[in-house]
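In: The following block contains a protein sequence and its predicted model.
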Amino acid sequence: MKHFLSVVALSATPFAAVAQTDGTFTLTDLPYATDALAPVILQETMELHHGKHHQSYVDNLNAAITAGDAPADLTLQELVAAAGTYPDAVRNNAGGHWNHDFFWNTMAPADATGEMSDALSEAITGVFGSQEEFETAFQEAGAARFGSGWVWLIVDDQDQLQITTTPNQDNPLMDVADVQGTPLLGNDVWEHAYYLSYNNRRADYLGEWWGVVDWPEVSDRYDAALAD
């Protein structure tokens, strides 16, 4: 399982440095303005999602650690990796904190999304047939995830790309994940991520979301996963 913690060193983005300060986790600033992803994701959605929902995961994780549910000297990545050994308050909120930092840094304003690297493009074509077929498969997996959760593109322990989903705030780095691997791309399919714009039309949200995916960032994650 060589890849499953490699994501901690994927890049110099704020997400990569998420850790405690004096024993307390803090909410990381967004890497862009709250209106920068509109109209795909509205400013109001970003303000609620980051400022309220993400903040609640941080606050609840700190409260769980203060209550003794997990050691106070572990990094977020260490808590996520061993999520199955801790109470749900740690698993859910550590996952929520990690997933959202990863999510914010997966996206960029539409005029700054760039293109995927040749290496990632070739890998996606080799597994899925084309980028279009990959996006369709990813959207279908996200739409089929029952209830709340996430849809992911990962590198597994055989250096192969896979699409997988997780419930609630789980992710593929966790010891409890049905399919483990290094996340390259992840989309939040909880209703609070899209409801103000798309109501119950999750499939529409999944389709529009490609317009704000930061492909150079995803490509860098792919290179790092293979190099680990």
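Out: In hand now; what should we look at? Numbers count the residues shown, from 1 in each chain.

In: could you measure residue 84 against residue 166, distance?
Out: Distance, residue 84 to residue 166, by CB to CB, to the nearest Å: 13 Å. From N, CA and C alone the C-beta is placed, and that goes for glycine too.

In: so what sits against both of these two?
Out: Common contact partners of residue 84 and residue 166 (CB atoms under 8 Å, 6 or more residues apart in numbering): residue 174.

In: of these two, who's got more company?
Out: For residue 84 versus residue 166, neighbours defined as other CB atoms under 10 Å are more numerous around residue 166 (23 against 11).

In: Next one: that one, what pLDDT does it get?
Out: The score at residue 166 is 98. That number is its pLDDT.

In: Can you list phi and psi of it for me?
Out: Taking degrees, to the nearest 10, you get phi -130, psi 150 for the backbone angles of residue 166.

In: hmm, who's touching the least confident helix or strand in the chain by mean pLDDT?
Out: Every helix and strand in the chain was compared by mean pLDDT, DSSP states H and E; the lowest is helix 195-198, with a mean of 92. Contact partners of helix 195-198, identified using CB under 8 Å, 6+ apart, comprise 39, 40, 41, 42, 44, 45, 48, 204, 205, 208.

In: Next SSE downstream of that helix?
Out: helix 202-208 (DSSP states H and E).

In: Extract the C-alpha trace of the least confident helix or strand of the chain and format it as CSV.
Out: Output of helix 195-198 as CSV, limited to C-alpha atoms (Å, rounded to 0.1, in the frame of the first residue of the first chain):
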residue,chain,number,x,y,z
TYR,A,195,-28.2,22.6,-4.0
LEU,A,196,-28.5,26.3,-4.3
SER,A,197,-27.7,26.2,-8.0
TYR,A,198,-28.8,22.7,-9.1
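
In: Can you give the distance of it from its chain's centre?
Out: 20 Å (CA atoms, centre = their mean, to the nearest Å).

In: and if you look at stretch 163-173?
Out: On CA atoms, centre = their mean, the centre of stretch 163-173 falls 9 Å from the chain's centre.

In: ditto for stretch 53-61
Out: 15 Å.

In: Ok, stretch 62-78 next?
Out: Worked out by CA atoms, centre = their mean, stretch 62-78 lies 20 Å from the chain centre.
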